[in-house]
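> Quick one, structure for this:
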Amino acid sequence: MTSSGTNPGGLPGSAAWELLLPTASAPARARGRFLQGALREAIRAQRLPPGTRLPSSRELAEDLGVSRGLVTEAYEQLTAEGYLRSDRGAGTWVGGAVRAASARARDLAPRPPGARADFLPGSPDLALFPRAAWAAAQRAVLAELPHRDLGYPDPRGLPRLRSALAELLVRRRGVVADPERIVVVSGVAQATTLLGCVLHARGVREIGVEDPGSPQHTGLYAAAGLRAVPLPLDAEGLAPGPLRASGVRAVTTTPAHQYPTGIACSARRRAELLDWARAVDGLLLEDDYDGDFRYDRAPVGALQGLDPERVAYLGSVSKSLAPGLRLGWLLVPERLAHEVVERKRTMDLGHPSLDQAVFARFLERGDYDRQLRRCQRAYRERRDVLVASLAEHLPHARVSGIAAGLHAIAELPRSCGPESRFVARMTAAGVAVRPLGECTHTRSDDPVVRLVLGYAHLPPARIREGVRVMAQALDGRGG
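All right, here's what the predicted structure looks like:
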């Protein structure tokens, strides 16, 4: 290099200088881009600190073996962007506007705890995702999708998908499903937030939530400006007395299979909840998170089918396909439809069109029904294995709740408590569990340990081994 000995700005021979050398070996058309990128990176990383004088365009071009015009263009571009400053007659310098930023890309996705036995609830078996059928649907959609459907979609969702969803929900869940009132959303979480925002805009400031219930509801409603009011359950579901006394006019409920207790709302209680909603001009938000998975009988139809103007119906594919798809639906009463759709429009301009079209085809061809049957067989077997393993290794444990969903409630003998001591023993043994107490708003060190045991994500052999390890930990025998 002709100027490597002169070191005009402290650049030649430095680590920053070495970053620029690949520019000479880059393809001719890419050299300018390479040089600009290398200079940006050196300045961002503080290898070229503010105030560093750069070689003249002639000197740098000679050292790199490139044209002077290429270096001049790079200097001008980075000066325009604020990385460099140029003083007439005084050379080119590194500017002071840039601050170093971390290049580390963190992964904030929830991950399994890496426990020896993981019974945390809420996860389906992602290995059951129908990759071949989904890939076939993607290929077909890409081949046939009209160009116009790649534009901004209807904020409610593609008409094709809303029609297919209406047919599915009427057939499988007994809802009253008008495609005009279906909104395609990014899962139940977005549906909950949408409804919370609309209710807040209407002057609502409090909303009832089941206690125990989903820990996510409080945070989702808080983001919409609503305070979650915990409401107790009884043997038939959400207790009507405390609901009436609370003064709320909207409440979230899981009537088909309450999370986490596993209660199925009785016919009498369903009627009482609807009577309450009509009496106070209120709204029931029905979270049908695993309503398709009933193992001892046909699933009970959705509450929404009894009064579609008093019940907003929420569902998704998070348990049947995969939560990472971020695909769900909201069936909204007519009086709220316009406000929900406009809120959805301003929130994200609609769900991705390609994903919607793929799912529509998946529904139309019967692939989703086949997936539901596959999951139902697998999860029913795993629940049976869990119940049998508990009977073998922890014979005094009592399993409660209906035979449904992706989790079961196991009540252990009083001798296993209190809850805090039990959890500490399980953690030490490498067993991940969630006590029922973690799903309540009123925490107490209950002497009776009740566990919310997730099983859907575990193969049968892992379930048997996990229960055995749990029993050994309780006996003090370790692994």
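
> Any buried residues in the strand or helix carrying P242, and which?
Element membership of P242 [criterion: DSSP states H and E] is helix 240-246. By 16 or more other C-beta atoms under 10 Å, the buried positions in helix 240-246 come out as P240, P242, L243. In this view, the C-beta of every residue, glycine as well, is placed from N, C-alpha and C.

> list the contacts for the second one?
So that's P242. L231, P232 (C-beta atoms under 8 Å, 6 or more residues apart in numbering).

> just to revisit the earlier point, what is the distance between the helix holding P242 and the centre of its chain?
32 Å (C-alpha atoms, centre = their mean, to the nearest Å).

> Then stretch 404-415?
That offset, for stretch 404-415, works out to 26 Å (C-alpha atoms, centre = their mean).

> again, but for stretch 363-373
22 Å.

> which strands and helices sit next to the helix ranked longest in the chain?
For the chain, the helix that runs over the most residues, judged by DSSP state H, is helix 367-393. Under the contact criterion of 3 or more C-beta pairs under 8 Å, 6 or more residues apart in numbering; DSSP states H and E, helix 367-393 touches helix 131-144, strand 398-400, strand 407-411, helix 460-475.

> repeat that for 10 Å
helix 131-144, helix 159-173, helix 353-364, strand 398-400, strand 407-411, strand 450-454, helix 460-475 (3 or more C-beta pairs under 10 Å, 6 or more residues apart in numbering; DSSP states H and E).

> Deepest-packed of these, please.
strand 450-454 (a mean of 25; mean count of other C-beta atoms under 10 Å).

> Now do stretch 352-371, average pLDDT.
Average pLDDT, stretch 352-371: 97.

> Equivalent analysis for stretch 397-408, please.
Average pLDDT, stretch 397-408: 93.

> picking up where we left off before, would you reformat the helices and strands packed on helix 367-393 as CSV and include distance to V98?
Shown next, in CSV, are those (distance: least, C-beta to C-beta, whole Å):
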stretch, distance to V98
helix 131-144, 41
helix 159-173, 45
helix 353-364, 37
strand 398-400, 61
strand 407-411, 51
strand 450-454, 48
helix 460-475, 51
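
> circling back to that earlier point, tell me what angle the longest helix of the chain forms with strand 407-411.
20 degrees (axes from the mean of the first three to the mean of the last three C-alpha atoms, to 10 degrees).

> Mind listing what's buried along helix 367-393?
Buried positions in helix 367-393, judged by neighbour count with 16+ other C-beta under 10 Å: 367-368, 371-372, 375-376, 378-380, 382-383, 385-387, 389-390, 393.

> Tell me the gap between it and the middle of its chain.
That offset, for helix 367-393, works out to 23 Å (C-alpha atoms, centre = their mean).

> returning to that earlier point: out of the buried residues of helix 240-246, who's nearest R202?
Nearest to R202 among the buried residues of helix 240-246 is L243, at 19.6 Å by C-beta to C-beta.

> Nothing else from me, thank you.
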